[in-house]
Structures are given as C-alpha cells and as structure tokens.
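In: Provide a 3D model corresponding to the input given below.
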Amino acid sequence: MKTFLRIMAFAKGNRWLLVVGLVCAAGYTGATLAIPEIVGRGVDRVREFDGGFGLDSTLVWLTAALLGVAALRFLFSGVRRYTTNNLSHVIEYNMRRAFFRRELDLSHSFYDRSSTGELVSRATNDLRVIRFFTGWGMFQMFISVLTLVVVSVILFVKNPALAAIVLSPMPILAFAAWRFASKVHPIFKRIQGRLADVTTSVQENVSGIRVVKSFSREPFERDRFGGRAEGVMNETLAARGLRAFYIPGMTFIPAVSVALLVFFGGRAVIEGSLSLGDFVAFQLYLMQLVWPMQGFGIVVDQGQRALAAGERTFEVLDEDPEVKKPENPIPLPDTPSLGVEFENVSFGYGGDEVLRGASLSVEPGETVAVVGATGSGKSSLLSLVPRFYDPTSGSVKLGGVDTRDLDPAELRRSVGVVPQETFLFSEKVRDNIAFGKPDATDEEIERAAKISGVHEQIMGFPEGYDTMVGEWGITLSGGQKQRIAIARALVKDPRTLLLDDATSSVDAETEKQIQAALSETLSDASSRTTFIVAHRLSTILLADRIAVLDEGRIAEFGTHDELSKRGGVYAEMYGSERRESA
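Out: This is a model prediction of the structure:
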C-alpha cells in the first residue's frame with residue numbers, strides 16, 4: 001500500500017483526474033447495478049399484467065429507465081476512461097522526470113555499480129507497467145470491490161437468508177486472491193529484473209557491435225541473449241501458470257453462488273417466499289459479480305507487477321547522492337586562477353584504497369603533470385577536484401576552500417575536464433563544443449577549436465560546425481574526438497583544467513598534433529591551473545612541475561630536471577627515455 005500511495009503522489013496537481021475517475025467509476029457501477037432491479041420489477045409486472053395487448057405504463061417507464069441507465073453507463077464509462085488514461089500518463093511522465101532528475105543528481109559511485117541497461121529498463125519497462133495499472137487496474141479494482149460490497153448489501157436487504165447462502169463462497173475468493181498475490185509478487189519482481197538483463201544485453205551489443213564482430217563473438221552473444229530471454233520466458237510462464245490456476249478459480253466461485261441460488265432460490269420461488277422477479281434480480285446480481293471477480297484476479301496480477309515495478313523505481317529515487325550540496329555553500333574566490341591542495345587524502349572504490357595519504361600543493365596558474373604506474377591513482381586524484389567523489393579522509397581545497405563546502409554546480413563551472421575516454425553526443429559539432437556553455441557565441445566556439453587544433457579539420461567536414469556527430473563520436477577519428485573534447489573544456493574558460501591522459505589512445509602522429517594543441521592551450525591560459533595525466537615524456541615536459549604517484553602516495557614532486565637528478569621513482573620511469581630522445 002505504501003508503494004502505491006507513493007506512486008499516486010506523482011499525480012500532484014492533477015488529482016482532480018483521480019477524483020473524477022473514482023466518481024465516474026462509482027456512477028458506472030451504480031448504473032450497472034440498477035439494471036437487475038429494473039429487470040426484476042419488469043418480470044413481476046409482466047406476471048401481474050392482465051391487460052391483453054394494451055400498453056402498460058409501468059413497463060413503459062421501466063423500459064425508459066433501462067435506456068436511461070444505459071445512457072448513464074455510456075457517459076460515466078467514457079469520462080472515466082478519458083480521465084484515468086490522462087491520469088496514468090501524467091503519473092508516468094512525472095515519475096520519468098523524477099527518475100531522470102535523480103539519475104542526474106546521483107554521484108559517480110552510483111554509476112560505478114549500475115549498468116546502463118538496468119537503468120534504461122527501470123525508466124521504460126517498469127514505468128510502463130505502472131502506467132497500465134494506474135490507468136486501468138486500479139480503477140477496475142475499485143469497481144470490483146464496490147460491486148461486491150453493493151451487491152452483497154442489496155442481496156441481504158432483499159433476502160438475508162438466501163443472501164448468506166449464495167454469498168458464502170466469497171471468503172474463499174478473498175483467500176484465493178491473497179494467496180495468488182503472495183505467490184506472484186516475487187515472480188514479477190524477478191521478471192522485471194530479468195527484463196533489465198535483456199535490455200542490458202541489447203544495449204551493450206548495439207553499442208559494442210564493432211567489438212563483437214571484430215572478435216567473431218556473434219554466436220556467444222546470441223547464446224547469452226537467448227539465455228537471458230529464456231529467463232524472462234520461464235519466469236513469465238511461472239506467473240502465467242499461477243494465473244491459469246487461480247483466475248479460473250476466481251471465476252468458478254461466482255458460478256457456485258449461481259448454482260446455490262438455483263437450488264435454494266428456486267425452492268423459495270416454488271414455496272412462494274420469493275417472487276420470480278426477485279429471483280431473476282438475484283441471478284442478475286450474481287452474474288454482475290462474474291466479471292468483477294474475474295477482473296479482480298487480473299487486477300491482482302497487474303497490481304503485483306506494478307508493485308514490483310514501483311519498488312524497483314523507488315530503489316533509484318530513494319538512492320542518496322554521496323556528493324551533497326552543503327547547506328551554506330562558500331563561494332569560490334574571485335581570482336583568475338585557483339590553487340589546488342590535496343591534504344593527506346585517502347580514497348578508494350568499494351573499500352579498496354587507491355589513494356593513501358596523498359598530499360600535494362599546486363600554485364595558481366601552475367601546470368602540473370601527474371605520472372605513475374597503471375593503477376597508482378592518477379585519474380582518481382583528479383576526479384576529486386571537481387568533486388566527482390569525496391575523499392574518505394583528508395581534504396581537497398580549491399582556492400583555499402574545501403571542495404565539500406562548495407556548491408558542486410559552481411565548482412564544476414570553474415573546472416574543465418577532458419576525460420581519458422572521450423564521449424561525444426549525437427549532435428552537431430557546434431553543440432558538442434558548446435555543451436558546457438550553451439550560450440557560447442560562434443566566435444567563442446571557433447576560438448576554442450583553434451586553440452585545440454581542430455578548427456581546420458572541422459571546416460573540412462561536409463557542413464562544418466553543423467556536421468552531425470555519430471553516436472559516441474563514431475564518425476570522427478580518435479584525434480578529432482580528443483581535440484573536440486579539449487575545445488569543449490576550453491570554451492567555458494575554466495580556471496582549472498584537468499587533462500586525463502588525453503593522448504593515450506591515439507597514434508604517434510595524432511599524439512604530436514594533440515601535444516601541439518595542448519602546448520597552445522597552456523600558452524593561451526598562463527593563469528589557468530592545469531593538471532595533465534600523462535605517460536609519454538613528450539607530454540610530461542609541457543608541465544611546470546611533475547607529481548609522481550606511487551602506490552597511492554605522492555612519492556615525488558618537482559621539475560623534470562630535479563626529479564631526474566634525484567634518482568627516485570621518476571628517474572627509473574623516464575630517465576632512460578630522456579637520454580634516448582636527447
């Protein structure tokens with residue numbers, strides 16, 4: 001119940017649709033249940049009528065009443081369907097927006113442990129199930145319960161003894177519905193999870209189709225997808241097996257009530273204690289229970305699916321971002337560049353420490369290269385500056401202010417990031433460069449592209465800056481993507497620039513071009529504090545000083561010449577390379 005109440009909270013501002021839907025559902029039920037009474041009175045009137053072929057006014061009025069009730073059913077049904085469909089789409093829309101906003105708010109650590117396909121499935125398959133229930137199932141449940149209650153009251157008013165007999169099987173129906181719900185709920189939760197696995201498989205294979213084909217892994221991927229799809233099928237068949245047993249049983253119970261009516265009600269008519277009209281009305285009222293009871297089973301089925309989907313959706317909505325905005329954020333100093341300090345910083349992923357008491361002080365406007373063996377914590381160190389993560393101990397200060405005391409949005413506006421794995425959107429080149437500054441002018445975009453050394457190549461594209469970029473930038477070369485990423489970071493004129501191994505995945509010629517672009521970038525912004533994660537000496541030499549990471553600690557810090565003469569970790573890594581290039 002708590003989950004459904006939380007789902008209905010997303011109808012805020014449109015709850016009048018819920019009210020109108022319930023009123024129309026009640027009106028529809030009332031009009032439907034008036035029919036047996038009118039028919040019963042008509043039967044009794046026919047038995048009493050002795051006017052030959054004359055027209056009886058009572059029958060005329062009863063006929064008109066039937067037509068009027070039918071018209072009301074039509075009106076109430078139409079309005080109810082319109083309002084409830086709107087309500088369900090409003091709820092789905094609001095939940096999807098809230099879901100996406102929460103995804104944007106969540107920290108990097110959440111995505112470290114979540115798959116894209118799983119999140120896509122929750123934002124699509126799960127919300128679709130919720131929409132179907134809130135638009136149909138919930139109101140059908142209301143109609144079924146209301147019909148059962150009203151019919152029971154009417155029958156007890158007409159003939160308490162007979163009503164008690166014919167309604168005696170109904171507690172069995174309630175027990176069957178409860179058993180069905182308890183058994184099917186965990187199955188539907190597993191189904192939603194397995195659907196997410198299928199979505200993940202499709203997403204990964206579409207995104208990585210070139211890798212799949214290059215390694216001839218199509219048979220393996222077919223089998224893996226088939227196994228996941230088979231899991232969905234097996235769980236669905238298990239749910240349908242339960243449904244095949246319970247729902248016909250729920251339909252059979254009203255038939256038992258009709259059989260009891262025929263036996264006991266028929267005797268009452270013969271004995272004269274029950275009129276034929278009341279007997280017919282009894283029978284019609286019981287028949288009115290057949291679809292609601294059958295529908296009740298279907299609704300329980302849909303309700304359990306919606307409950308499972310809602311629980312999965314709220315797992316994400318209830319996720320607490322690890323990186324939070326402080327209640328009273330401190331503004332960044334209004335200076336052209338910002339110094340960066342790492343004070344005894346420790347950090348790890350899932351309990352495995354990557355940084356262990358790292359300390360480093362970088363002056364405003366200084367360019368620092370961060371080097372070290374693979375896994376030494378270079379990228380992790382830089383990820384703490386824009387507060388993608390918070391250190392487990394120690395502090396990171398930007399402009400003398402602890403990053404945890406800064407508004408993350410303001411902090412990230414002042415930091416430009418060029419990640420190691422470049423991601424470009426399926427948009428125009430212009431839009432990709434201006435992503436961090438949507439109001440950037442054409443001049444600003446072109447200037448950033450010129451500094452990053454990609455302007456001339458862009459002008460060679462079919463439509464220049466208006467050329468569409470394929471998904472993940474697939475239509476561009478590695479060097480072009482990397483330089484567009486640099487331009488994207490530069491166009492917002494950040495006071496701190498983080499370049500995370502920008503030349504690691506390109507060929508030697510492209511590397512030289514990117515290094516030239518980096519050199520131009522650094523000379524263009526002498527007041528900008530810059531970090532360069534690098535492996536190649538030619539890139540490292542662009543920096544003023546070099547920080548050497550070893551097993552999560554800052555082992556050395558100084559210029560190339562200083563570190564080479566020291567004979568430590570850096571000299572072991574790059575001393576021979578320097579001599580060979582001399």
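In: Pretty sure residue 489 sits against residue 497.
Out: Yes: between residue 489 and residue 497 there is a contact under C-beta atoms under 8 Å: 6.3 Å. (Each C-beta comes from the backbone N, C-alpha and C, glycine too.)
In: Overlap of the contact sets of those two?
Out: Here residue 489 and residue 497 share the contacting residues 416, 418, scored by C-beta atoms under 8 Å, 6 or more residues apart in numbering.
In: looking at the protein, which helix or strand is least sure?
Out: When each helix and strand of the chain is scored by mean pLDDT, DSSP states H and E, helix 508-524 comes last, with a mean of 64.
In: Next SSE downstream of it?
Out: strand 529-533 (DSSP states H and E).
In: which residues of the stretch 401-550 of the chain fall in strands?
Out: Along the stretch 401-550 of the chain, counting by DSSP state E, counting those that start in this stretch, strands occupy 401-402, 415-418, 496-500, 529-533, 545-550.
In: Make JSON lines from these and add mean pLDDT, mean neighbour count and distance to residue 387 to it.
Out: Output for those, formatted as JSON lines (pLDDT from 0 to 100; neighbours: other C-beta atoms under 10 Å; distance: least, C-beta to C-beta, whole Å):
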{"stretch": "strand 401-402", "mean pLDDT": "94", "mean neighbour count": "16", "distance to residue 387": "10"}
{"stretch": "strand 415-418", "mean pLDDT": "89", "mean neighbour count": "24", "distance to residue 387": "9"}
{"stretch": "strand 496-500", "mean pLDDT": "89", "mean neighbour count": "24", "distance to residue 387": "12"}
{"stretch": "strand 529-533", "mean pLDDT": "90", "mean neighbour count": "26", "distance to residue 387": "15"}
{"stretch": "strand 545-550", "mean pLDDT": "92", "mean neighbour count": "22", "distance to residue 387": "20"}
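In: Touching, residue 399 and residue 338? I think so.
Out: Yes: look at residue 399 against residue 338 with C-beta under 8 Å: they come within range, at 3.9 Å.
In: any shared contact partners between these two?
Out: In contact with both residue 399 and residue 338: 332, 364, using C-beta under 8 Å, 6+ apart.
In: Find the residue ranges of the chain scoring beneath the pLDDT cut-off.
Out: For the chain, applying pLDDT under 70 flags the ranges 47-56, 206-207, 210, 214-215, 290, 293-297, 351, 471-472, 502-526, 575-582.
In: repeat that with 50
Out: Within the chain, the stretches with pLDDT under 50 are 579-582.
In: Would you mind finding the longest helix in it?
Out: Ordering each helix of the chain by length in residues (DSSP state H) puts helix 57-105 first.
In: so what's the residue nearest to the spatial centre of the chain up against?
Out: Nearest residue to the geometric centre of the chain (C-alpha atoms, centre = their mean): residue 123, 3.4 Å. For residue 123, the contacting residues are 96, 99, 100, 103, by C-beta under 8 Å, 6+ apart.
In: quick one: which two of the residues you listed are the most distant?
Out: 96 and 103 (10.6 Å; C-beta to C-beta).
In: what number of residues lie near residue 74?
Out: Look at residue 74: counted by other C-beta atoms under 10 Å, it has 12 neighbours.
In: Could you measure from it over to residue 142?
Out: Distance of residue 74 to residue 142, given as C-beta to C-beta, to the nearest Å: 19 Å.
In: same check, this time on residue 390
Out: For residue 390, the distance to residue 142 - C-beta to C-beta - is 48 Å.
In: Could you do residue 84 as well?
Out: Residue 84 sits 10 Å away from residue 142, taking C-beta to C-beta as the criterion.
In: So for the two, which sits in the more crowded spot?
Out: residue 84 (23 against 16).
In: what about the closest residue to the more buried one other than its chain neighbours, helix or strand, and which?
Out: Excluding its sequence neighbours, the residue lying closest to residue 84 (C-beta to C-beta, 6 or more residues apart in numbering) is residue 21, at 4.4 Å. Per DSSP H and E: residue 21 is located in helix 15-48.
In: so what secondary structure elements neighbour that helix?
Out: helix 57-105, helix 138-158, helix 276-288 (3 or more C-beta pairs under 8 Å, 6 or more residues apart in numbering; DSSP states H and E).
In: Which neighbouring elements make contact with the helix or strand that the shortest one is followed by?
Out: To tie it back to what came earlier, the one meant is helix 276-288. Once the chain leaves helix 276-288, the next helix or strand it forms, by DSSP H and E, is helix 290-317. Applying 3+ C-beta pairs under 8 Å, 6+ apart, one finds that helix 290-317 makes contact with helix 2-8, helix 57-105, helix 127-132, helix 138-158, helix 170-207, helix 218-260.
In: redo that, cut-off 10 Å
Out: Where contact means 3 or more C-beta pairs under 10 Å, 6 or more residues apart in numbering; DSSP states H and E, helix 290-317 is packed against helix 2-8, helix 15-48, helix 57-105, helix 116-121, helix 127-132, helix 138-158, helix 170-207, helix 218-260.
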